[in-house]
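Undergrad: Quick check, what structure comes out for this input:
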Amino acid sequence: MKDSDFQPQFPGVLMPTSFTERREGVDRVIQGRAFIPHPLPPDIESERLIGRLFDVLDRAKTRLLELQADVESLPDPQVLLSAMRAREVQSSSKIENTFSSLKDIALSEIITDRATQETLEVRRNKQAVEHGLVSPLPLSNRLISEIHAKLIIDPTHTPGKYRKRQVCIGDENRGFAAARFVPPPGDKVAECMKHWEHFVNPRTLGAPQRQEFPFFIELAMAHYQFEAIHPFSDGNGRLGRAIVNITPVKSGVLRQPVCNLSEWVQSNRAEYYERLLRVSTANEWEPWIRFFCTAIAEQATLDRDRAKRVRALYDKYHAENVTKGKSALTLKLIDHLFSRFVITIPLAKEVLNVSYTSAQLHVERLVKAGVLVQANKGNYDKVYIANAILKAVRGQAEE
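TA: Just a heads-up that it's a prediction; the model follows:
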């Protein structure tokens, strides 16, 4: 990152920094420059910006409300929300080059000892988002730290604590000198995040008065700022996208956590990173906000298609089992499969609150009906998976 990368009136300051780089077993201290973003909001005339972005703002809000209505049309909204969350964290992790199939993620919740490290990492991502959603805390530094502690377990990355050292973003093999972007030094992170917290909670004690923008413009600004600060030594991208999912619910804009980014962004990853960078280097807020709102709208469309597939399969399974006179317990087991995809007989016993023999009977009924297939080999510790539900959630074959 060079000073020449930054055009006049870029939204921050550059300051000297140093980075310790290890090459061939030797630590070298390299001098360079780091970017510190100005506190939000940027100095932009609100009414003109809203006018130019009205089309994408309206589309994003409309499609999210339509998706929320689809989710709430089910007797149990968790049926769709769990499926969407699994897909979201899988795609978010894929953006960071961590790959795991939905099947492996589902199986890891039952067969933990056989799960790959990548699968466990994606599952922690899911658990971290869920923690943020159920926590009574507002979006804040404290909540962000709690979510990070759920996401990251490697002690070298100080789970739940802001970084103290300088980091850089780019090609690890080319080193600091060729970094694409250098976020604030470690001793500036806490101050930057204090300003960020005031922006996302404008009515909290100590938050300065400021110009306000429509919610999704502010969400785009907050997402950019979080990524520019890069407050942790690992997990910033996944956490930043999780915040996009959590914030509309915490703010009361949406009742359900249906605001996602990752699947669409994963397909447009190069532009995503370029748009973020161009805010820092060229003050290009409007193109970034337009891209962000387009991503939300397009992701909502993908999730509505997913919701329709899942709803159709849900209705089909319920109709078939009601027609065949199956018990309400079988339908309850089907509902569990739509949120978790996998089952064992001991788990079915717990879910249905019945004897082992009765649980086995209900599982075997779903095997005969083609709803479940055995996912592992052998006659002991059998694990069953609902492949058709997974296919409906994916929407396409996984690589």
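
Undergrad: all contacts plus neighbour counts: C-alpha atoms, from now on.
TA: Will do.

Undergrad: Please, which helix or strand holds the residue positioned nearest the centre of the chain?
TA: Among the residues of the chain, the one closest to the centroid is Ala242, at 3.5 Å (Cα atoms, centre = their mean). Assigned by DSSP states H and E, Ala242 belongs to helix 236-250.

Undergrad: Contacts for that helix next, please.
TA: Under the contact criterion Cα atoms under 8 Å, 6 or more residues apart in numbering, helix 236-250 has outside partners 89, 92-93, 96, 125, 129, 132-133, 138-139, 147-148, 219, 223, 226-227, 230, 254-262.

Undergrad: quick one: the helix or strand following it to chain centroid distance?
TA: Using DSSP H and E, the next helix or strand after helix 236-250 towards the C-terminus is helix 262-267. Relative to the chain's own centre, helix 262-267 is displaced by 11 Å; criterion: Cα atoms, centre = their mean, to the nearest Å.

Undergrad: Same question for stretch 185-200.
TA: So, by Cα atoms, centre = their mean, the centroid of stretch 185-200 is 21 Å from its chain's centroid.

Undergrad: tell me the mean pLDDT over that stretch?
TA: The predicted model assigns stretch 185-200 a mean pLDDT of 96.

Undergrad: Stretch 304-324 now?
TA: When pLDDT is averaged along stretch 304-324, the result is 85.

Undergrad: do stretch 1-12 as well
TA: 91.

Undergrad: Off-centre distance for it?
TA: Here stretch 1-12 is found 30 Å from its chain centre; the criterion is Cα atoms, centre = their mean.

Undergrad: Can you tell me what sits against it?
TA: In this structure, residues lying in contact with stretch 1-12 by Cα under 8 Å, 6+ apart are 14, 33, 35-38, 42, 177-182, 279-283.

Undergrad: Next: stretch 364-382.
TA: Contacts for stretch 364-382 (Cα under 8 Å, 6+ apart): Thr344, Ile345, Val363, Val383, Tyr384, Ile385, Ala386, Asn387, Ala388.

Undergrad: Select only the buried ones of these in PyMOL?
TA: Only the buried entries of those go into this PyMOL selection, using 16 or more other Cα atoms under 10 Å:
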select buried, resi 344+345+363+383+384+385+386+387+388
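
Undergrad: What pLDDT is listed against the residue nearest to the centre of the chain?
TA: Value for Ala242, per-residue pLDDT: 94.

Undergrad: cool, the one 10 residues further on as well?
TA: Model confidence at Gly252, expressed as pLDDT, equals 94.

Undergrad: burial count for it?
TA: Gly252 has 9 neighbours, counted by other Cα atoms under 10 Å.

Undergrad: try the one 3 residues further on
TA: Residue crowding around Arg255 was assessed by other Cα under 10 Å; the count is 14.

Undergrad: which residue packs closest to it, ignoring adjacent ones?
TA: Val249 (5.7 Å; Cα to Cα, 6 or more residues apart in numbering).

Undergrad: Wait, Arg85 touches Lys126, no?
TA: Yes: judged on Cα atoms under 8 Å, Arg85 makes contact with Lys126 at a distance of 7.0 Å.

Undergrad: any chance you could map the strands in the stretch 101-250 of the chain?
TA: When assigned using DSSP state E, counting those that start in this stretch, the stretch 101-250 of the chain turns out to have no strands.

Undergrad: returning to what we had before: among the contacts of stretch 364-382, which ones are in helices?
TA: Ile345, Val363, Asn387, Ala388 (DSSP state H).

Undergrad: got a list of what the first one touches?
TA: With contacts taken as Cα under 8 Å, 6+ apart, Ile345 has the following neighbours: Tyr356, Ala359, Gln360, Val363, Lys382, Val383.

Undergrad: before we move on, what about the second one?
TA: Applying Cα under 8 Å, 6+ apart, one finds that Val363 lies in contact with Ile345, Ala348, Leu372.
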